[in-house]
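Q: Can you look at this prediction? I've put the sequence above it.
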Amino acid sequence: MKKKNILLESPVYTLEAAVLAVENGAERLELCADFGEGGTTPSLGLLKVIKSKVKAPVFVMIRPRGGDFVYSESELEVMKEDIKAFLDHGADGFVFGILNKQGKVNAPDCKQLIQVAGGKPCTFHRAFDLVLDKNTALEEVIDLGFKRILTSGGENRVKEGLPVLLELLKKAKERVIILPGGGLMLQDIAHLNKESKLKEIHVSCKVFRPSTMRGSKEHLKLSQIEETEGMVLTVDPELMREVIGFLKEL
C-alpha cells in the first residue's frame, strides 16, 4: 500500500519567508499580516509578488483586525471586498472564521464569505478554538462547506490540545480536513498520526533574524513587542527540512 503523504502548510508574513518556506518543502502557504495579532489580512501587493515567485498554492487570511472574531456589517463588507480583490490576483483559497456574540459559529456571515470566494477552498481558522461546543461547531463548519479547520484543539499549543484534536480527527472522517496548528512539534505529529488519520499540518518553522541595517539611534524602539525589536520574521530552512524529513519517515 502506498504511504500517505501529509501536506505541510506554512503560515508566512513576508516575501522572504514565503520563498524560503516553498524552497525548503512547504506545499501550501497561508499568507497573513501582523504576526503579533496572530494573523490579519495581508496586502494585495504581497500576494501578487509571491504568486510571481512560487508555484505553491497561496491561501489568504481574511481578518480585518485582531482582537476577536465578531464583526460588524461594515467589517463584513471589507472582508468581502478583500476576497474579491485577492481572487482577481490569483488567491488559491481563503482562511477566515466568524463567531457571534455568544461565541458560536456565525453561520450566516460565514456563508456569505464562502459564496464570495466562488468555489475556492476555505479554511475555518483558529476562531474555532474559542468555541466551547466544538462538536456542534464541527458539524456547522462542515455543513457550510469549509474544506478544513485550523485548530490547536482549543489550547494555546497543539501539545495541550491533543485529546480534542484526536477526537476531531475521528469525528471528521473524510468530511473535512482537521489541520493541526499552533506550536506544533514533531512528537505531536507522530501522536496525531497513530491511526493514520492525519492529512495536513500547519507549521511555521519561524525564526527572527537580526536586521541588516545599522541603526544610528539604537535606543529608539519602534516595535510594540520588545523581543522583536530590530529583528525580521522569516523561516528557518533547516527546521523546515527537518519537518519534511520527519513526514517522509512516518
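A: Great, that's in hand. Numbering: from 1, shown residues only.
Q: who touches residue 207 in this structure?
A: Residue 207 makes contacts with 233, 234, 235, 236, 239, as judged by C-beta atoms under 8 Å, 6 or more residues apart in numbering. Every residue, glycine included, has its C-beta placed from N, CA and C.
Q: Run through the bridge partners of it.
A: Following DSSP bridges, residue 207 is listed with bridge partners residue 234.
Q: sorry, back to before: for residue 21, state which of the contacts of residue 207 is nearest.
A: Nearest to residue 21 among the contacts of residue 207: residue 235, at 4.8 Å, using C-beta to C-beta.
Q: Spit out the contact partners of that closest one.
A: Shown in contact with residue 235 (C-beta under 8 Å, 6+ apart): 10, 12, 16, 17, 20, 21, 24, 204, 205, 206, 207.
Q: which of the residues you listed count as buried?
A: 10, 12, 17, 20, 21, 24, 204, 205, 206, 207 (16 or more other C-beta atoms under 10 Å).
Q: Double-check that residue 66 belongs to a helix.
A: No - counting by DSSP: H, G, I helix; E, B strand; the rest coil, residue 66 is located in no helix; its state is coil.
Q: Excluding residues flanking it in the chain, which one is nearest it?
A: residue 37 (3.1 Å; C-beta to C-beta, 6 or more residues apart in numbering).
Q: can you list contacts of whichever strand or helix holds residue 108?
A: When secondary structure is defined by DSSP states H and E, residue 108 falls within helix 107-116. Contact with helix 107-116 is made by 62, 71, 76, 79-80, 83-84, 94, 96-98, 122, 124, 140, 143-146, as judged by C-beta under 8 Å, 6+ apart.
Q: Packing partners of the helix or strand following it?
A: Proceeding N to C from helix 107-116, the next assigned helix or strand is strand 122-124, under DSSP H and E. With contacts taken as 3 or more C-beta pairs under 8 Å, 6 or more residues apart in numbering; DSSP states H and E, strand 122-124 sits against strand 93-96, helix 107-116, strand 148-151.
Q: May I have the residues that are in contact with residue 157?
A: Applying C-beta under 8 Å, 6+ apart, the residues contacting residue 157 are 182, 183, 184.
Q: Kindly indicate which of those lies nearest residue 57.
A: With C-beta to C-beta as the yardstick, the closest approach to residue 57 among the contacts of residue 157 comes from residue 184, at 19.7 Å.
Q: Skipping adjacent residues, who's closest to that closest one in space?
A: Per C-beta to C-beta, 6+ apart, closest to residue 184 is residue 158, 4.7 Å.
Q: Point out where the protein drops to low pLDDT.
A: Within the chain, the stretches with pLDDT under 70 are 1-4, 215-227.
Q: Now with 50, please.
A: Judged by pLDDT under 50, the chain has its weakly predicted residues at 1-2.
Q: Need the three-state assignment for the spatially closest residue to residue 129 that is not a sequence neighbour.
A: Once flanking residues are discounted, residue 129 sits nearest to residue 154: 4.8 Å by C-beta to C-beta, 6+ apart. The three-state assignment at residue 154 reads coil, by three-state DSSP.
Q: dump the residue contacts of residue 154.
A: By C-beta under 8 Å, 6+ apart, the residues touching residue 154 are 129, 130, 131, 134, 161, 164.
Q: cutoff 7 Å now
A: 129, 134, 161, 164 (C-beta atoms under 7 Å, 6 or more residues apart in numbering).
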